[in-house]
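Asks: Here is a sequence together with a model predicted from it:
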Amino acid sequence: MLLIPCPHCGPRAELEFSYGGEAHIARPVDPASIDDDSWVTFLYERSNPRGVHAERWRHLHGCGRFFNVLRDTVSDTIAASYPAGQPRPALSPDGKGTKR
Amino acid sequence: MQSYSAFSLFRQALGGHAGWQRQWRSPQPRTEYDVVIVGAGGHGLATAYYLAKEHGITNVAVLEKGWLGGGNTGRNTTIIRSNYLFDESAALYEHALKLWEGLSQDLNYNVMYSPRGVLMLAHNTHDVQSFKRHVHANRLNGIDNEWLNAEECKAFCPPLNVGGAMRYPILGGALQRRGGTARHDAVAWGYARAADARGVDIIENCEVTGIRRTVNGAVEGVETSRGFIRARKVGVVAAGHTSVVLGMAGVRLPLESYPLQALVSEPVKPAFPCVVMSNTIHAYISQSDKGEMVIGAGTDAYTSYSQRGALHIANHTLDAICELVPMFRRLRMLRNWGGIVDVTPDRSPIIARTPVPGLYVNCGWGTGGFKATPGSGNVFAWTIARDEPHRINAPFTIERFRDGILIDESAAAAVAH
């Protein structure tokens, strides 16, 4: 079970959270104007990286807020968490945290 | 290939079993092949076997980064069934089930296919209606599936807790009698041996690190940890790592990879006669021929390549098992493990050409690919050999997501995927 650092409440057990999939996927600004391939990109295609993954979590049984996490999908190590709406932070060279 | 039979067993016994040959070679990779298959699991090896057997393409290499059958083929709970709701899925899984029925003879290798019956339990009104709908849909597709009431479930599988105090009581079940199990390792070994005998090179410890393309975009070959291997066609059957491999060719897929867990108990005497599945409370259980109870748990909530899952996922399944089969409450669990499954948005596989000429993909089997192994390899071999899909896998394209023609087994299966 993951220990997930909620940016608002601190580290809590995974059971308090619900998973929200890959982060930073923006809904098309003008949905009526885009073609089917762009819809596929938005709706279905995912990076699914073997390595650092930016993902959304919601602190369902806590503050209730969505936020984003950078997690290594090989080791499941969480390198950073940050509030929704903020850009993805750059990782420090050792991959264990963010650049200050 | 050394033929296996009761007679050969007897003859080898007289010689102290010193005369058995290796089941497949361990060749050095050649510089060029007609077809390279990436991934020596059941699906990849089956693909190579049917390429050689049914399409006469024997200049084939199967590349495997680890050891043969060491991925999801060696990690699943070996359940076989074909009682899927939609016509497209029913055709695909029934194609596989028909091949299972003759597979041991075809491969001259005992895959221990055991049609002991798969019983899917219903615990609420929605389940009852949904499973009866499945039974009718399956019957129209010529697939056996029958409805049992609670007493009939108890008669078919006596260890079940029918009529006892349960949070989710057993109201009945859908039984596919031709469903059952097979020995997962034997499936990989049998296909490997039979493919090798027809000239296929199976190359282990050979990781694909890149896909080289010509100036007009077609596949030229694969870069591997053992050097460049030229190939006219490349078929990727890399399960949980398909996104990674196809990313090397710049192809993005509607896939996400999740850890799926299974666990086995200590071995006990024969105590459980069939496969029991409960989608609603999430339990899958059968007894292996070694005597272990083989239990399938769920996926973790998050994507991962870590090949292990969280304890609370396995615990959740054991809660359900203990309620379904109270006599297992004191059974100890021996081992648990995880495999990485590639899941599509509609929970149906992709067996298709990719936008890159000469590059083919067979993926997205999610949490239930083992049952399809023979059928999957069979139609994928067709697709590679003829550069067009077989009638059965024609609906399972990548483009179905663009065109909105999903094969939505995620809702139909009523499984908490």
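Replies: Thanks, I have it. Residues are numbered from 1 along each chain as shown, chains lettered A, B, ... in the order given.
Asks: which residues are there in chain A that come within reach of chain B?
Replies: Where chain A comes near chain B, counting by CB under 8 Å from any CB of the partner chain, the residues are A:1-2, A:14-15, A:18-19, A:21-22, A:36-37, A:39-41, A:43-50, A:53, A:55, A:71, A:73-76. Quick note: C-beta positions are derived from backbone N, CA and C, even for glycine.
Asks: Report the beta-bridge partner residues of B:Cys363.
Replies: B:Ile350 (DSSP bridges).
Asks: That one and A:Gly64, how far apart?
Replies: Using CB to CB, to the nearest Å, B:Cys363 is found at 36 Å from A:Gly64.
Asks: neighbour count winner among those two?
Replies: Just comparing B:Cys363 and A:Gly64: by other CB atoms under 10 Å in any protein chain shown the higher neighbour count belongs to B:Cys363, 28 against 9.
Asks: can you pull the pLDDT of that one?
Replies: With respect to pLDDT, B:Cys363 scores 98.
Asks: Retrieve the pLDDT associated with the residue lying farthest from the centre of chain A.
Replies: For chain A, the largest distance from the centre (CA atoms, centre = their mean) belongs to A:Ser33, which lies 27.5 Å off. On the pLDDT scale, A:Ser33 is placed at 95.
Asks: mean confidence score for stretch B:67-83?
Replies: On average, stretch B:67-83 scores 96.
Asks: residues of that stretch that come out buried?
Replies: B:68-83 (16 or more other CB atoms under 10 Å in any protein chain shown).
Asks: what's the helix or strand for the residue nearest the centre of chain A?
Replies: Centroid-nearest residue in chain A: A:Glu55, 1.8 Å away (criterion: CA atoms, centre = their mean). Assigned by DSSP states H and E, A:Glu55 falls within strand A:52-58.
Asks: For that strand, which strands pair with it and how are they oriented?
Replies: strand A:18-22 (antiparallel), strand A:66-72 (antiparallel).
Asks: Using PDB, write out the CA atom coordinates for it.
Replies: What follows is strand A:52-58, C-alpha atoms only, in PDB (Å, rounded to 0.1, in the frame of the first residue of the first chain):
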ATOM      1  CA  VAL A  52       8.100   8.700 -13.700                       C
ATOM      2  CA  HIS A  53       4.400   9.200 -14.100                       C
ATOM      3  CA  ALA A  54       2.400  12.300 -13.300                       C
ATOM      4  CA  GLU A  55      -1.000  11.200 -12.000                       C
ATOM      5  CA  ARG A  56      -4.000  12.600 -10.300                       C
ATOM      6  CA  TRP A  57      -5.200  11.400  -6.900                       C
ATOM      7  CA  ARG A  58      -8.200  12.600  -4.800                       C
END
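Asks: Off-centre distance for it?
Replies: Distance of strand A:52-58 from the chain centroid (CA atoms, centre = their mean, to the nearest Å) equals 2 Å.
Asks: contacting residues around that strand?
Replies: Strand A:52-58 has contacts (CB atoms under 8 Å, 6 or more residues apart in numbering or on different chains) with A:4, A:6, A:17-24, A:47, A:64-73, A:79, A:81, A:84, A:88, A:91, A:95, B:302-303.
Asks: ranges for the helices of chain A?
Replies: A:36-43 (DSSP state H).
Asks: what stretches of it score poorly on pLDDT?
Replies: Counting by pLDDT under 70, the ranges of chain A that qualify are A:95-100.
Asks: Can you tell me the SS state at the closest residue to chain A within the stretch 301-417 of chain B?
Replies: Using CB to the nearest CB, the single residue of the stretch 301-417 of chain B nearest to chain A is B:Ala301, 4.0 Å away. Three-state assignment for B:Ala301 (DSSP: H, G, I helix; E, B strand; the rest coil): coil.
Asks: burial of it, as a residue count?
Replies: Considering only other CB under 10 Å, B:Ala301 is surrounded by 18 other residues.
Asks: And for B:Lys269?
Replies: There are 6 residues near B:Lys269, going by other CB under 10 Å.
Asks: do A:Arg12 as well
Replies: 17.
Asks: tell me the contacts of it?
Replies: Counting by CB under 8 Å, 6+ apart, A:Arg12 has contacts A:Leu3, A:Ile4, A:Cys6, A:His59, A:Gly62.
Asks: Likewise for B:Gly298?
Replies: Neighbour list for B:Gly298: B:Leu260, B:Gln261, B:His282, B:Ile313, B:His316, B:Thr317, B:Ala416 [criterion: CB under 8 Å, 6+ apart].
Asks: any idea how far B:Ile57 is from it?
Replies: Counting by CB to CB - B:Gly298 and B:Ile57 are separated by 39 Å.
Asks: ok, now B:Phe328?
Replies: Distance from B:Phe328 to B:Ile57, by CB to CB: 48 Å.
Asks: Spit out the contact partners of B:Ala310.
Replies: A:Met1, A:Leu2, A:Glu14, B:Asp300.
Asks: rewinding a little: nearest spatial neighbour of the residue of the stretch 301-417 of chain B closest to chain A, skipping sequence neighbours?
Replies: A:Tyr19 (4.0 Å; CB to CB, 6 or more residues apart in numbering or on different chains).
Asks: And the helices in chain B, which stretches?
Replies: Under DSSP H, chain B gives helices at B:6-14, B:42-55, B:87-101, B:103-107, B:125-140, B:150-156, B:184-197, B:242-247, B:311-324, B:373-386, B:400-403, B:409-412.
Asks: any chance of those in CSV, with distance to B:Leu63 too?
Replies: CSV is the format used below for the helices of chain B (distance: least, CB to CB, whole Å):
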stretch, distance to B:Leu63
helix B:6-14, 31
helix B:42-55, 9
helix B:87-101, 24
helix B:103-107, 21
helix B:125-140, 38
helix B:150-156, 44
helix B:184-197, 13
helix B:242-247, 10
helix B:311-324, 32
helix B:373-386, 15
helix B:400-403, 28
helix B:409-412, 30
